[in-house]
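Colleague: Okay, sequence plus prediction incoming.
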Amino acid sequence: MYFSSLNHVHSEVPPTGSFKNKPQIDVYIKSHKNIKFSFAEDEITFQQGNLGKSDTFLTGAVHLNYPRACVVKNVHLHLKGIEKTFWYKTQARLKVLYTGEHTLVDQLNKIWEASENAEEITALDIPFKIQIPYNLQETIITEIGTVQYTLRVTVSTKGLFGTGTHFAKLYCPLKRTLTLDHALLLPCRMHGKSPNGIEYTFMLPPNKIFGLGDYVSIPMTLRFLRPSIGIEKLEVVLKALMEFSCSTQNEKTRVEKQLVDIIIPDTELQYVQSNYLEECSHIIEIFIPHITQPTCQGRFINISHQLCIKFCLWRSNTDFLIEEFVRVANISEKHKAQRSSLRDSNGLLIMSRESFDDSSSEYRYLDSEYIGVRQLPANGGCASNQFKSSSSLALTSKVSASSLYKDLSLSSSTVSLNTPYPSILSSTPYFQRW
């Protein structure tokens, strides 16, 4: 919990004039006809900077507009953040209310003071820029628990019959954003074998982070170790697992919410025969809704996310389920990447090309054993080496080119890099834009 002493804030933000970029009416908890808020110029939020260990500020302006002169002594800005839970549980014939509340920040700042004891004001713009504590939780809103921040401006006035106050109050949502560097991060590989005889490989985004409001593409390869096994369909589910606790008793409640539900029939899978074993590949496409609550861990609220992939099998009495915890968060791209994929003659995904803002490119080779990376020029140059020239490959695990052919069941006549790479790459993106 963070409490601040009374601070006087020296403005570093220019007045906003007509303050066109103002919060919506429904953001106000308590409005006042003579007091309005506005964001800083060209902004749509008060937050400046990212929550975490870096400096974060609230910037904007308070606007006073009185029809007649009002004697004002000072103006204070109050930031308050609370983590709160509340739910009912039926016991016998009674409904018992469980609650939890924790103050995250309670910060009071003086943003304006009269040069003398008081001044007559009709119209006044008061820009503000206040620093907030490090590592605050981001705003969370669910039916059972919330993490919310409010801004309250209090205008102290002086009249014939003593002092008084005018105030306005609104919600001030805060957001945490993760910055990912595409040029440095590799996808996370999820690999294993099912008891039914299916060897699977899924390539998840770097650090298993799914971006809010983004499309996530997950390349998949399945290898059938038994000839009697086949896929009827795949069920892909992304779940939010929410746990809420209270402050007075050792009581918790859990809520499971299904965010994404995708069914992939076997007709959409691309099959190929490899080393007398059947293989198939597919790219799972998932969209993470904007309204999804991010992964978080607080005193009373814990939200985690789980990716579930279920194999519904032909000629088998038991299905197979894979569960993997992932992180859902707001993502900022340090190096935007444009990705293209390369497939073999049977349609199986082999590699992708990534082009970054720093004019470098790289190929990523996908198979069930490793990911390999090879740097190539980004200006359309030729890559004259075949796959079997292992000296030209910088692989993340030490494998030879012959094992690359063996694992992918390719011959040197199937794929050649004796062609400028833009002409051999398909335009299908297969990774999320991290």
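Modeller: Looks like it came in fine.

Colleague: got the contact list for Lys208?
Modeller: 188, 324-327 (C-beta atoms under 8 Å, 6 or more residues apart in numbering). (C-beta placed from N, C-alpha, C; glycine too.)

Colleague: go again using 7 Å as the cut-off
Modeller: By C-beta atoms under 7 Å, 6 or more residues apart in numbering, the contact set of Lys208 is 188, 326-327.

Colleague: how near is Glu285 to Leu170?
Modeller: According to C-beta to C-beta, to the nearest Å, Glu285 and Leu170 sit 38 Å apart.

Colleague: I'd like the average pLDDT over the strand or helix carrying Leu222.
Modeller: According to DSSP states H and E, Leu222 maps onto strand 215-224. Strand 215-224 shows a mean pLDDT of 92 in the predicted model.

Colleague: The helix or strand that comes right after that strand: partners in the sheet, and parallel or antiparallel?
Modeller: Counting by DSSP H and E, the next helix or strand C-terminal to strand 215-224 is strand 230-245. Strand pairing for strand 230-245, using DSSP bridges, gives strand 252-265 (antiparallel), strand 301-314 (antiparallel).

Colleague: and the gap between Glu119 and Val153?
Modeller: The value you get for Glu119 to Val153, if C-beta to C-beta is used, is 17 Å.

Colleague: the more surrounded of these two?
Modeller: Using other C-beta atoms under 10 Å, the more surrounded residue of Glu119 and Val153 is Val153, with 24 against 17.

Colleague: list the contacts for that one?
Modeller: By C-beta under 7 Å, 6+ apart, the neighbours of Val153 are 35, 62, 75, 77, 167-168.

Colleague: Next, give phi and psi for it.
Modeller: Backbone torsions for Val153, taken as degrees, to the nearest 10, come to phi -100, psi 130.

Colleague: Identify the residue spatially nearest to it, adjacent ones excluded.
Modeller: Spatial nearest neighbour of Val153, excluding adjacent residues (C-beta to C-beta, 6 or more residues apart in numbering): Val62 at 5.0 Å.

Colleague: just checking, the one you found touches Phe37?
Modeller: Yes: counting by C-beta atoms under 7 Å, Val62 touches Phe37, with 6.1 Å between them.

Colleague: Now for Gly213: which residues touch it?
Modeller: 288, 290.

Colleague: related to what we said a few turns ago, least confident pick among the contacts of Lys208?
Modeller: Cys188 (92).

Colleague: Lowest-scoring secondary structure element of the protein by mean pLDDT?
Modeller: strand 394-395 (a mean of 32; mean pLDDT, DSSP states H and E).

Colleague: Mind listing the residues bridging to Ile264?
Modeller: According to DSSP bridges, the partner residues bridging Ile264 are Leu234.

Colleague: mind listing what it touches?
Modeller: Neighbours of Ile264 in contact, by C-beta under 7 Å, 6+ apart: 233-234, 236, 282.

Colleague: ditto for Ala168
Modeller: Contacts of Ala168 (C-beta under 7 Å, 6+ apart): 28, 30-32, 35, 153.

Colleague: Remind me which helix or strand it belongs to.
Modeller: Per DSSP H and E: Ala168 is located in strand 162-171.

Colleague: Quick one: distance of that strand to the chain centre.
Modeller: Relative to the chain's own centre, strand 162-171 is displaced by 36 Å; criterion: C-alpha atoms, centre = their mean, to the nearest Å.

Colleague: same deal with stretch 115-132?
Modeller: That offset, for stretch 115-132, works out to 37 Å (C-alpha atoms, centre = their mean).

Colleague: Export it to PDB, keeping only CA atoms.
Modeller: Extracted in PDB, the C-alpha atoms of stretch 115-132 (Å, rounded to 0.1, in the frame of the first residue of the first chain):
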ATOM      1  CA  SER A 115      -0.700  33.700  -4.600                       C
ATOM      2  CA  GLU A 116      -2.400  35.400  -1.600                       C
ATOM      3  CA  ASN A 117      -4.900  33.900   0.800                       C
ATOM      4  CA  ALA A 118      -7.500  33.500  -2.000                       C
ATOM      5  CA  GLU A 119      -8.200  34.700  -5.600                       C
ATOM      6  CA  GLU A 120     -11.300  35.400  -7.500                       C
ATOM      7  CA  ILE A 121     -11.600  32.900 -10.400                       C
ATOM      8  CA  THR A 122     -14.000  32.700 -13.300                       C
ATOM      9  CA  ALA A 123     -12.000  30.500 -15.700                       C
ATOM     10  CA  LEU A 124      -8.800  28.700 -15.000                       C
ATOM     11  CA  ASP A 125      -6.800  25.900 -16.700                       C
ATOM     12  CA  ILE A 126      -4.600  23.900 -14.300                       C
ATOM     13  CA  PRO A 127      -2.200  21.500 -16.100                       C
ATOM     14  CA  PHE A 128      -0.800  18.700 -13.900                       C
ATOM     15  CA  LYS A 129       1.900  16.100 -14.100                       C
ATOM     16  CA  ILE A 130       2.200  13.800 -11.000                       C
ATOM     17  CA  GLN A 131       4.400  10.800 -10.600                       C
ATOM     18  CA  ILE A 132       2.700   7.600  -9.300                       C
END
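
Colleague: buried sites along it?
Modeller: 118-119, 121, 124-132 (16 or more other C-beta atoms under 10 Å).

Colleague: would you turn those residues into CSV with pLDDT?
Modeller: Output for those, formatted as CSV (pLDDT from 0 to 100):
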residue, pLDDT
Ala118, 84
Glu119, 89
Ile121, 90
Leu124, 94
Asp125, 95
Ile126, 95
Pro127, 96
Phe128, 96
Lys129, 96
Ile130, 95
Gln131, 95
Ile132, 94
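
Colleague: Narrow those residues to those in strands?
Modeller: Among the buried residues of stretch 115-132, the residues falling in strands (DSSP state E) are 119, 121, 124-132.

Colleague: quick one: contacts for the most centrally placed residue in the chain?
Modeller: Against the mean C-alpha coordinate of the chain, by C-alpha atoms, centre = their mean, the closest residue is Ala329 at 2.0 Å. Residues near Ala329 by C-beta under 7 Å, 6+ apart: 178, 209, 212, 294-295.

Colleague: Let's see that with 8 Å instead.
Modeller: Applying C-beta under 8 Å, 6+ apart, the residues near Ala329 are 176-178, 209-212, 294-295.
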